[in-house]
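sequence first, then the predicted structure:
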Amino acid sequence: MLIPQLSVFLENKSGRLTEVLEVLGRENIRITALSVADTSEFGILRLIVSDPEKARSILKEQLFTVNLSQVISVMAPNEARYYARILKILSDQDISIEYTYAFPRGSKSVIILRCSNNDQAIKALKDHEMELLNASELYKI
C-alpha cells in the first residue's frame, strides 16, 4: 500500500520546473500527481510517476537533488467531511501528517499522505475501511 514518491529540490528560479518535466518527458515518464511547495529561495517538487526508479536515476544524471520516499494514497468522496474523517482517524491514533495533497478523480479525490508512521496509518485506515490504493492502481489513473 505504500506508494513511491519523488521529491526534487529546486532552486526558485524561472525554468527549473520546466527542466524537470522536460527530462521526464524525454523518457516518456507519466506523471500521476504533482505538488510544489516553495519558499522565496527554493521549492520541493513532489511527484508520483509511472517509473519512480527510472525517473530518480535520470534526474540524478541531470544533477537534480532527488529523493524517493513512501506515501499513502486514499480514495474518498471529494467533500471536506471525508478528508476530515481520514485525518481524524489518523490523529486519534497520534499519527502526524507531515504533508498531504489531493487531486480529483470523478466524484472522488485521491488523497496523498505522508505520515509520521506510514505502516500504522495504513493499519488505522484499513481498520476503518478506507479505500487505499496501491501503486499499480494509482499509476493507471
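Nice, I can see it. Numbers count the residues shown, from 1 in each chain.

and the strand or helix carrying residue 136, what does it pack onto?
With secondary structure defined by DSSP states H and E, residue 136 is part of helix 135-139. In terms of contacts (3 or more Cβ pairs under 8 Å, 6 or more residues apart in numbering; DSSP states H and E), helix 135-139 is packed against strand 2-11, strand 31-38. C-beta: built from backbone N, CA, C; applies to glycine.

give the pairing partners of the longest one; include direction for each.
Taking DSSP bridges as the criterion, strand 2-11 sits next to strand 42-49 (antiparallel), strand 65-77 (antiparallel) in its sheet.

give me the contacts around the very next helix or strand once past it.
Sequence order places helix 16-26 as the next helix or strand after strand 2-11, per DSSP H and E. Taking contacts as Cβ atoms under 8 Å, 6 or more residues apart in numbering, the residues outside helix 16-26 that touch it are 8, 10, 31, 36, 43, 45, 47, 49, 55, 58-59, 62, 64.

which of the residues in the helix holding residue 136 are buried?
Within helix 135-139, the residues that qualify as buried are 135, 138-139, counting by 16 or more other Cβ atoms under 10 Å.

mind giving me the domain split of this protein?
Here the chain is described, according to automatic domain parsing, as comprising the domains 2-68, 71-139.

distance between the ends of stretch 85-100?
Criterion Cα to Cα, to the nearest Å; first-to-last residue distance in stretch 85-100 is 14 Å.

same check on stretch 102-115?
Stretch 102-115 has an end-to-end distance of 15 Å (Cα to Cα).

buried set for it?
By neighbour count on 16+ other Cβ under 10 Å, the buried set for stretch 102-115 is 102, 108-115.

adding secondary structure, distance to residue 126 and pLDDT as columns, could you present those in CSV?
Converted to CSV, the buried residues of stretch 102-115 look like this (DSSP: H, G, I helix; E, B strand; the rest coil; distance: Cβ to Cβ, whole Å; pLDDT from 0 to 100):
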residue, secondary structure, distance to residue 126, pLDDT
102, strand, 19, 95
108, strand, 18, 95
109, strand, 19, 95
110, strand, 17, 96
111, strand, 15, 97
112, strand, 17, 97
113, strand, 14, 98
114, strand, 18, 97
115, strand, 14, 98
